[in-house]
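S.K.: could you look at this predicted model? Sequence included:
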Amino acid sequence: MGYTLNFAAVWRNFDFLLSGLMLSLGLAVTSILIGAILGLFVAFALLSKNRIIAVPARSYVTVIRNLPILVLVLFAFFALPQMGLRLDKIKSFVLVLSLYSGAYLAEVFRAGLLSIPKGLTEAGMAIGLTSMQIRTSIIAPLMIRNVLPSLSSTIISLFKDTSLAATIAVPELTFAARKINVESFRVIETWIVTSGLYVVTCFLIAALMRLVERRLALPR
């Protein structure tokens, strides 16, 4: 007996999918912004000669990068309240994804920092800039340009990771798709449309990042 595709139930609930997609994007953008700030500080700490700064930074990156994000999500939502830290499901997921993205972005930024010639730091010191001014005015802008290709891949990967928020009932795109699937029993149709939304969104993010790359590219 053949299966007949019928997308009617999916189109009736398409606004629910779009609402879930918007929440997914919101979770990703918020977490990546927080993670980028955290990752930048950790990247500088990783390259510090001061062990009091470098060791905790390395420990953070090592632990987070070697734990599945799903374990972190479940720990934050179910275990932290037992320890006295109560967060709602959205805040707990943003916390986890921010820490997770911070660890990965720290490695991306560290590689970018290592690619910057030491002579630029010496030149900044020669004209009287402080260490903070050198980092913010010279090193950080050049580092961002250098890491944009890797940054694009990381951002897309982190956006896809927002689907794990469905495990704690955050009503993002995957959760919305599961709800429609359960209510309509149109399994194939629901996941075809949901997959299409993920693909289109990731394509647009990649296109936007390529545009940023071209705008910030150093003239040759």
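M.R.: Thanks, I have it. Numbers count the residues shown, from 1 in each chain.

S.K.: tally of neighbours for R214?
M.R.: Neighbours of R214 under the rule other CB atoms under 10 Å: 9. (Each C-beta comes from the backbone N, C-alpha and C, glycine too.)

S.K.: quick one: mean pLDDT for stretch 106-115?
M.R.: The pLDDT scores in stretch 106-115 average 87.

S.K.: show me which positions of it end up buried.
M.R.: Residues of stretch 106-115 classed as buried: 106-110, 112-113 (neighbour count, 16 or more other CB atoms under 10 Å).

S.K.: repeat that for stretch 11-19.
M.R.: 13, 16-17.

S.K.: then stretch 166-178?
M.R.: Within stretch 166-178, the residues scored as buried using 16+ other CB under 10 Å are 166, 168, 170-178.

S.K.: same question for stretch 120-138.
M.R.: Neighbour count says stretch 120-138 has 121, 124, 129, 134-135, 138 buried, by 16+ other CB under 10 Å.

S.K.: for that stretch, what is the distance to the chain centroid?
M.R.: 30 Å (CA atoms, centre = their mean, to the nearest Å).

S.K.: what's the answer for stretch 9-23, then?
M.R.: Going by CA atoms, centre = their mean, where stretch 9-23 is centred and where its chain is centred differ by 23 Å.

S.K.: report the contact partners of the most centrally placed residue in the chain.
M.R.: By CA atoms, centre = their mean, the chain has its centre lying nearest to L158, at 3.6 Å. Contacts for L158 (CB atoms under 8 Å, 6 or more residues apart in numbering) come out as 28, 31-32, 35, 97, 100-101, 104.

S.K.: alright, I will stop here.
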